[in-house]
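In: Got a sequence here, can you model it:
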Amino acid sequence: MTLNRVNTVQLMPVLRSELLALLEGLRRDEWQAPTPCPGWSVHAVACHLLGVELGNVSARRDGWKLVPSDDGDADAWLNAFNQQWVEATRRISPALLIELLSLAGERFEQHIATLDLDAMGGPVRWATADNPAPVWLDVAREYMERFVHQYQVREAVGRPALAPHLLAPVLATAVHALPQALAQVDRSAGTCVLFSAEGEGGGTWGVLRTTNGWELVDWELTADCTRPPACEVRTTVDGALGLLVRDPTAPTLDWHGDPELARAVGTAKAVLG
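Out: Numbering: from 1, shown residues only. Sure thing, here's the model as predicted:
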C-alpha cells in the first residue's frame with residue numbers, strides 16, 4: 001500500500017480561526033439556514049463540529065470512547081449517534097457554541113501537536129481498509145472533516161470559499177479513497193488511471209495497478225506509469241470534493257477510456273456512512 005503524506009497539523013488552527021470568524025459574522029436568521037447536510041441547519045452543523053472536537057479530545061487524549069458493538073452496523077450507529085448529539089445540543093446558543101468550539105478545538109490541536117505523525121495507528125477504513133494507517137493520515141482525515149463542514153456552512157450562507165491552500169490538503173487526503181474504489185476492477189499490472197481536479201487547490205493523481213493491487217502514485221513524479229492511462233477522469237476541485245464526500249449534488253465526471261474504471265472511480269468515498 002502506497003500513501004502520499006499530507007501535512008495538516010499546522011493548518012488546524014488556521015482552519016479553526018476561519019470557522020470562528022465565519023460564525024461570529026452570521027446574522028441570527030443565518031444560523032437556521034439549511035445546509036447540504038440533509039435536515040441540518042447551519043446551527044446543527046456547528047453543533048456537529050463541536051461534537052467532533054469534544055469526541056476527539058475525549059477519545060484520543062483521555063481514552064474515553066463510545067463504539068458500536070462488534071456485530072452492529074457501524075455506519076448506522078455513527079449516523080444515529082451524530083443525530084442524537086445534534087438534537088441534544090439545539091439548546092446551545094450561537095455565542096456559547098462559538099466559545100466552546102474555540103476551547104475544544106484548541107485542546108484538540110494541542111493534543112495532535114504531541115503525536116508522532118509517522119507512527120502507525122488504527123485503520124482509516126476508506127483508505128486502508130482494516131490495515132493500520134499512519135497517524136498523519138488519521139489527522140488529515142480529521143482536518144478534512146472540519147474543512148468539509150465549514151465548506152457546507154459557507155455555501156449555505158453565501159460566504160466566500162476557503163483559500164486554495166486550505167483546500168489542497170483535503171483533496172490530497174481524499175484521493176487515498178481511489179485505490180479502494182478501483183479494487184472492484186481487476187486489470188493487469190501496469191494499468192494506470194488518471195484523476196484530475198482542475199482549479200486552484202486541485203491536482204492530478206495516478207492510481208497504478210501493481211502485483212499487490214491498486215496504489216496511489218504521484219503522476220508527475222512516478223516512473224511506474226509507463227503506459228498511457230487506461231482511463232482519464234476529470235472534474236473541478238468542487239466536483240472532486242463533492243464526489244469524494246458523496247455529495248449527491250456533485251457534477252457528473254468527465255472521462256474517456258475504460259468505462260468500467262471510470263464507473264469505479266465514481267464510487268470513491270472518503271467518508272464513513
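
In: Residue 9 is in contact with residue 113, correct?
Out: Yes: under the criterion of Cβ atoms under 8 Å, residue 113 is in contact with residue 9, at a separation of 6.3 Å. Using the backbone N, CA and C atoms, a C-beta is placed for each residue, glycine as well.

In: how is this structure carved up into domains?
Out: According to automatic domain parsing, the chain comprises the domains 9-162, 175-265.

In: So which of the ones you listed has the densest surroundings on average?
Out: domain 175-265 (a mean of 18; mean count of other Cβ atoms under 10 Å).

In: Residue 37 and residue 103, how far apart?
Out: 24 Å (Cβ to Cβ, to the nearest Å).

In: starting at the chain centroid, how far to the helix or strand hosting residue 21?
Out: Assessed by DSSP states H and E, residue 21 sits inside helix 12-24. Centre-to-centre, helix 12-24 and its host chain are 17 Å apart (Cα atoms, centre = their mean, to the nearest Å).

In: Now do the helix or strand just after that helix: everything it contacts.
Out: The helix or strand immediately downstream of helix 12-24 is helix 42-56, counting by DSSP H and E. The contact list for helix 42-56 (Cβ atoms under 8 Å, 6 or more residues apart in numbering) reads 19, 23, 26, 30-33, 35, 37, 40, 82, 85-86, 89-90, 92, 94, 97, 100-101, 104-105, 107-108, 111, 142, 145-146, 149-150, 152-153, 156-157.

In: and if you look at stretch 131-147?
Out: 1, 3, 5-9, 11-12, 15-16, 19, 49, 52, 56, 108, 112, 115-124, 127-128, 162, 166-167, 169-170, 172-174, 176, 270-271.

In: Longest helix in the protein, by number of residues?
Out: Criterion DSSP state H: the longest helix present in the chain is helix 135-157.
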